[in-house]
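>>> Give me a model of this one.
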Amino acid sequence: MEQSLTETREFGLTFARLVAGLAVDPHGYFEKQYVARIENAQSTEEIKGVVVHLVHWIESPVISSQERDTLKRELDQLNLPTLEDIGRNNFP
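Predicted coordinates for the structure are as follows:
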């Protein structure tokens, strides 16, 4: 597996798990679904598509600005790209 695919997959899994914390999902189906999609992806483009889809969900009215701010702080604490950068496909 090439290095960039591994890096992108690791980032995608971390991001999906952080985002799953925003979902009202007591059984964890949201996290399982997105983690599986990222784990089974065959290319960086496929992973990036899943991650960008999650960013669009985060930016929807379903997520409060307070929840978004919490996620932004978590990304910053982990030295990960901002939501804006992720939305522009600017991540590992």
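
>>> Sketch out the low-pLDDT regions of the chain for me.
1-3, 92 (pLDDT under 70).

>>> Surely residue 31 touches residue 17?
Yes. The criterion here is Cβ atoms under 8 Å, and residue 31 meets it with residue 17 at 6.2 Å. C-beta here means a position set from N, CA and C on the backbone, and glycine is covered the same way.

>>> Those two: who's more crowded?
residue 31 (18 against 13; other Cβ atoms under 10 Å).

>>> Skip the chain neighbours and tell me the closest residue to the more buried one.
With Cβ to Cβ, 6 or more residues apart in numbering as the criterion, residue 31 has its nearest non-adjacent residue at 3.5 Å, and that residue is residue 20.

>>> OK, contacts around the one you found?
Contacts for residue 20 (Cβ atoms under 8 Å, 6 or more residues apart in numbering) come out as 28, 30-31, 34.

>>> Next: residue 89.
48, 52.

>>> That one: what secondary structure?
coil (DSSP: H, G, I helix; E, B strand; the rest coil).

>>> Regarding it, what are the backbone dihedral angles?
Per-residue torsions, residue 89: phi 60, psi 30 (degrees, to the nearest 10).

>>> Give me the distance between it and residue 49.
Separation of residue 89 from residue 49 (Cβ to Cβ, to the nearest Å): 9 Å.

>>> gap between the helix or strand where residue 35 lies and the chain center?
Using DSSP states H and E, the element containing residue 35 is helix 29-39. Relative to its chain's centre, helix 29-39 lies at 10 Å (Cα atoms, centre = their mean, to the nearest Å).

>>> Mind listing what's buried along stretch 56-64?
Using 16 or more other Cβ atoms under 10 Å as the test for burial, stretch 56-64 gives 58, 63.

>>> Filter the contacts of residue 20 down to just the buried residues.
The buried subset of the contacts of residue 20 - by 16+ other Cβ under 10 Å - is 30-31, 34.

>>> Which of the residues you listed sits closest to residue 11?
Nearest to residue 11 among the buried ones among the contacts of residue 20 is residue 34, at 12.9 Å by Cβ to Cβ.
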